[in-house]
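Chemist: Fold the stuff below for me.
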Amino acid sequence: LFASSFASFAIAGTSRVDIINRIFVLGLVGAFIGIVGNVSPSIQVSNLLSHSDWTAVYPAGISIGILSFGAQNVVPTILEYLDYDPKKTQKAILFGSLVPLFLYSIWEAVFLGIIDVSAVDSNSMEVVNVLGQVGGTAVTDLVELFSICAIGSSMAGASVSLVDFFVDAIEVLAKDKPKSTTDNMLASNNSVEVGTRTIAAIFALAPPVLISYAFP
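Modeler: Numbers count the residues shown, from 1 in each chain. Sure thing, here's the model as predicted:
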C-alpha cells in the first residue's frame, strides 16, 4: 500500500508530487519546530563541549558522505520541472542542500545538548526514548510525526526521480522502433505517457518491494 501510493503519485507526474511533497515538508518543519521548542530549555552547553571524538569521523563518516550523494538522482527531475533553466536549478539544489544542513545542525545540537554522553550507554541509547524523557508524550508524538513526514518526503522525491529515469530509458528504446509504431504512439500521446510512466513505476518500485517481502 505504501509503495503503490507513491507509485501513483509518481505516475501522475512531478507537479503532483511537488504538491504532496510540500505537505510532507510543512508537517516535517512544524514537527521539528515543536520538538526543538519543547526540549531546548533542557540543553546544557557543557554537554556539547565536554565530549568530542574526531576519530569517529574516519572511516565511519565516509559511508555517510557517500550516502549523502544519493539525493542527487533527483537533479534531472528538478531540471525538467524548472523548464531546463540552469539558474533556477542551481538555486534549487543549493538551497535544497543548505536547508537540510541547517536543520540537521540544529538537531544534533539539541540532541547532544540534552544528554550527558559520559552517563549513558551510546550503544543502547534510543532517540525517541531520550526525547520522550525530556519532553514527555507530546514530544514523542511529534517525533513520530516528524519521522512519517521525513520518510514520505524522501520517498516522494526518490520515487518520481526513479520513474523519470526509467521513462527516459523507455523513450530511448522506443526511438529504435519502426516509424509506424512511433506514429501510433504520437496519435495518443496522453495515454502513452500514462502507460509509459506506469511501466516505469513498475520497474522502479517493484524490485525493492519484492526484496523487502523476501527479506523482511
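
Chemist: for the host helix or strand of residue 95, packing partners?
Modeler: Residue 95 is located in helix 86-113, with elements delineated by DSSP states H and E. Judged by 3 or more Cβ pairs under 8 Å, 6 or more residues apart in numbering; DSSP states H and E, the packing partners of helix 86-113 are helix 14-39, helix 45-49, helix 75-81, helix 127-135. (Glycine included, C-beta is placed from N, CA and C.)

Chemist: what helices or strands is the third one leaning on?
Modeler: To tie it back to what came earlier, the one meant is helix 75-81. helix 14-39, helix 86-113, helix 137-174.

Chemist: May I see those helices arranged in CSV, with mean pLDDT as well?
Modeler: Output for those, formatted as CSV (pLDDT from 0 to 100):
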stretch, mean pLDDT
helix 14-39, 89
helix 86-113, 86
helix 137-174, 86
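
Chemist: looking at those helices, which is closest to residue 130?
Modeler: Residue 130 lies closest, by Cβ to Cβ, to one member of those: helix 86-113, at 7.3 Å.

Chemist: how far does the closest one sit from the chain's center?
Modeler: 13 Å (Cα atoms, centre = their mean, to the nearest Å).

Chemist: now stretch 43-59
Modeler: Worked out by Cα atoms, centre = their mean, stretch 43-59 lies 27 Å from the chain centre.

Chemist: tell me which residues of it are tucked away?
Modeler: Using 16 or more other Cβ atoms under 10 Å as the test for burial, stretch 43-59 gives 43, 47-48.

Chemist: Next: stretch 81-90.
Modeler: Quick answer for stretch 81-90 (16+ other Cβ under 10 Å): 81-82, 89.

Chemist: quick one: which of those residues is nearest to residue 18?
Modeler: Using Cβ to Cβ, these come closest to residue 18 at residue 81, 7.2 Å.

Chemist: Hmm, the closest one is touching residue 17, no?
Modeler: No: using Cβ atoms under 8 Å as the test, residue 81 is too far from residue 17 to be in contact (9.2 Å).

Chemist: Same list, the buried residues of stretch 81-90, but as TSV with distance to residue 152 please.
Modeler: Formatted as TSV, the buried residues of stretch 81-90 follow (distance: Cβ to Cβ, whole Å):
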residue	distance to residue 152
81	19
82	22
89	24
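
Chemist: And those residues, which is closest to residue 63?
Modeler: Scanning these for proximity to residue 63, where the rule is Cβ to Cβ, the winner is residue 89, at 27.9 Å.
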